[in-house]
Structures are given as C-alpha cells and as structure tokens.
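A.B. asks: Sequence and predicted model, in that order:
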Amino acid sequence: MAAPAATLLRPVRGFTDIRAEGWVARLPPAWRPYALLARFDRPIGAWLLFLPGLWAICLAAPGWAEGVRLTLLFALGALVMRGAGCVVNDLWDRDLDRRVARTAGRPLASGAVTPRQALAFLAALSAVGLLVLLQLNAAAIALGVLSLVPVALYPLAKRVTDFPQLVLGLTFGWGAPLGHAAVTGGVDAVTAALYAAAIAWILGYDTIYAHQDREDDALVGIRSTALRFGERTRPFLAACYAATVALLALAGWLAGLGWPFFAALALPAALLARQVAVLDIRDPAHCLRLFKANREVGLAVALAILLGRA
C-alpha cells in the first residue's frame, strides 16, 4: 500500500533536493506525489532538456512565427518527457534511492506512489509527449521515437560504466538534432556540431550534479564521473566546457552566423569558466547551485545564436 502523500512534506534526514513546499504543497494531497515524481517542483531539469532544442530552433527557424510555434511545442515536450524520464529512472532506482539521503524521500522510494501507479502516470505523460511529437515533421517524429533508446538505457548505465553522464548527454542533448530536423527536415554537419556541444556541456554539468551523491553512490554501487575523477574533477570540467564552447563556435561557423554570435559567445564561456573556478565538490548545496546555473548558460547561447542571425 502506498504511504500517505503527507509523508512527502516531512523533511528527509541529510541533504535532499526535494522541494515539497511552495506551489506543490498547495496541490490536492493526492496529486502531490505525482508532481514530485515528475520533478515538477524542480523545473531546472525540464529547462536543461529544452535548451539544446531551443539552440537548434534559434539557429535554423525560417521566421519568428515558426520559431515561436516550435519553441512552445518543445517547451511542453521537454516538461512532460523530462517527467516521464524521471519516472523511468525512479522505477529502476527505487531500491537504491532508499539508501541515499538525497533521494530517500522520492515518491517511489518512500512508498507514496506504487510501481503500478507510476506506470499509469508514465503512460499519461508519454501520451502527451506523443501528441506533441505528432505536430512535427516525419524526420523529427522518427528522431523522437529513437530518443527512447538512450532514455531507457540511462538508468542501466549508472550500474555498468563510470560515464553514465555521457549517456545522459546523449539523452538530454537529443533536442539539438530533433530541433534541427523539426525545422529543416533532416540533419547535417551543423546538427552534429551542435549535438556534440550539448553532449560536452551535459557531461560537465552532470558531473557537478553527481558530486552531491558521491559518497552514497560509492556505498551502493552506483558509478559516475564524479567518482571516477574525484579531486581531478576541475580539469575534467574545464575540458568539457572548453569543448562545449569550441563546438558551439564550429556550429556557428558551419551555419554561417555573423560576428555578433562569436562575440556574444563570450558570455556563456565566462559563465562556464566561473563554474570551473568556484567548484567545491565537498559542498552538495554549492554543487546544486552550480548545476542550476546552467539554465542561464543555455539561454545565453540561444541569445548569441539569435544575435548571429540578426
């Protein structure tokens, strides 16, 4: 039997990133566990899933009307599919989550939602995602269906490789080729460079995120780049972010963007450099703040692209 939804509003011992207060606390009690299961209390994940698609739309959209239409579709799609991905992840990890302080209060781990209920919720989220996908062209629909492969593999990757963050990069960066295909009907060298930039960016910021759970992950057998690099995370992060900026510059050059793009790229580059400079892997709350700061990085990249097209 599922635990009462109110249990999710009690503090979990140790550091946790669950946010059951605010608007979530004002939802009907029966809805709250599902909002937390889909991470609707923490929209940063939906932002980070959405941003590579936004880059591609800004880069290739033929006009403002089509650009706005696709942006709204991708925003809704990112919200529901990020939620669906969280459900899949938590179904895989519910036994491990009970043993990690940050995740012990998650709805499946705590018993507030049963696996059967989670599967029904997953079906509802997936149905909304499918409706969004069907508004796109055939190439984008095909890529959207193909994206289910890395989504399903990511929870397994944490058990078999030190680089599950790379698999997450393949998953969260998928919006770049999907967005480009939604505009142009296909993929090309620009798409490849943009996708590679997104993967390098995600590999970096999710390594920061993984440092929140480094000690618990080592105890329960979860692998990560945070554990792999440990005290050597700073140079690894610098390499990831340098590759991100270089690949974005390559994508802009291949797309024929004007000089304002390259000038404006200095802003996200500076924001990424700051993350490297101030990183403190021993402070979980600090790592979470740096991770969340990547929303501004992604928006700055989108702005640079728009300036390059002006």
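C.D. replies: Structure's in. What do you need?

A.B. asks: what's the helix or strand for the nearest residue to Leu125 once chain neighbours are set aside?
C.D. replies: Leaving aside its sequence neighbours, Leu125 sits nearest to Ala84 (C-beta to C-beta, 6 or more residues apart in numbering; 4.2 Å). In short, each C-beta sits where N, CA and C put it, glycine included. Using DSSP states H and E, Ala84 falls within helix 64-97.

A.B. asks: ditto for Val128
C.D. replies: helix 115-133.

A.B. asks: In that helix, which of the residues would be classed as buried?
C.D. replies: Gln117, Ala118, Phe121, Leu122, Leu125, Ser126, Val128, Gly129, Val132, Leu133 (16 or more other C-beta atoms under 10 Å).

A.B. asks: cool, stretch 155-164 as well?
C.D. replies: Buried residues in stretch 155-164 (16+ other C-beta under 10 Å): Pro155, Ala157, Lys158, Phe163, Pro164.

A.B. asks: how about the residues you listed, which pair is most distant?
C.D. replies: Largest separation among the buried residues of stretch 155-164 by C-beta to C-beta: Pro155 and Phe163, giving 14.3 Å.

A.B. asks: lowest confidence element among the helices and strands of this protein?
C.D. replies: Sorting the helices and strands of the chain by mean pLDDT, DSSP states H and E puts helix 214-220 at the bottom, at a mean of 80.

A.B. asks: Now do the buried residues in that one.
C.D. replies: Arg214, Asp216, Asp217.

A.B. asks: and the first one, what does it touch?
C.D. replies: Each residue near Arg214 by C-beta atoms under 8 Å, 6 or more residues apart in numbering is listed here: Ser224, Ala226, Leu227, Gly230, Ile281.

A.B. asks: And for Ile305?
C.D. replies: Trp55, Cys58, Leu59, Gly252, Leu257, Phe261.

A.B. asks: Asp90 and Leu108 touch, don't they?
C.D. replies: Yes - with contacts defined as C-beta atoms under 8 Å, Asp90 counts as touching Leu108 at a distance of 4.6 Å.

A.B. asks: Pick out whichever of those two has more residues nearby.
C.D. replies: Leu108 (27 against 24; other C-beta atoms under 10 Å).

A.B. asks: follow-up on the earlier one: now, the buried residues of stretch 155-164 that are in helices?
C.D. replies: If you go by DSSP state H, the buried residues of stretch 155-164 have Pro155, Ala157, Lys158, Pro164 in helices.

A.B. asks: For Leu134, see how far away the closest residue to the first one other than its chain neighbours is.
C.D. replies: On the basis of C-beta to C-beta, 6+ apart, the spatially nearest residue to Pro155 that is not a chain neighbour turns out to be Trp92, at 3.5 Å. Taken as C-beta to C-beta, to the nearest Å, the spacing of Trp92 relative to Leu134 amounts to 28 Å.

A.B. asks: mind listing the helices for the stretch 151-300 of the chain?
C.D. replies: Ranges of helices in the stretch 151-300 of the chain, per DSSP state H, counting those that start in this stretch, are 164-172, 175-184, 189-210, 214-220, 225-229, 233-254, 259-264, 266-278, 284-292, 294-309.

A.B. asks: Any idea how many residues pack against the residue nearest to Pro155?
C.D. replies: 17.

A.B. asks: now the one 3 residues further on
C.D. replies: Applying other C-beta under 10 Å, we find 10 residues neighbouring Asp95.
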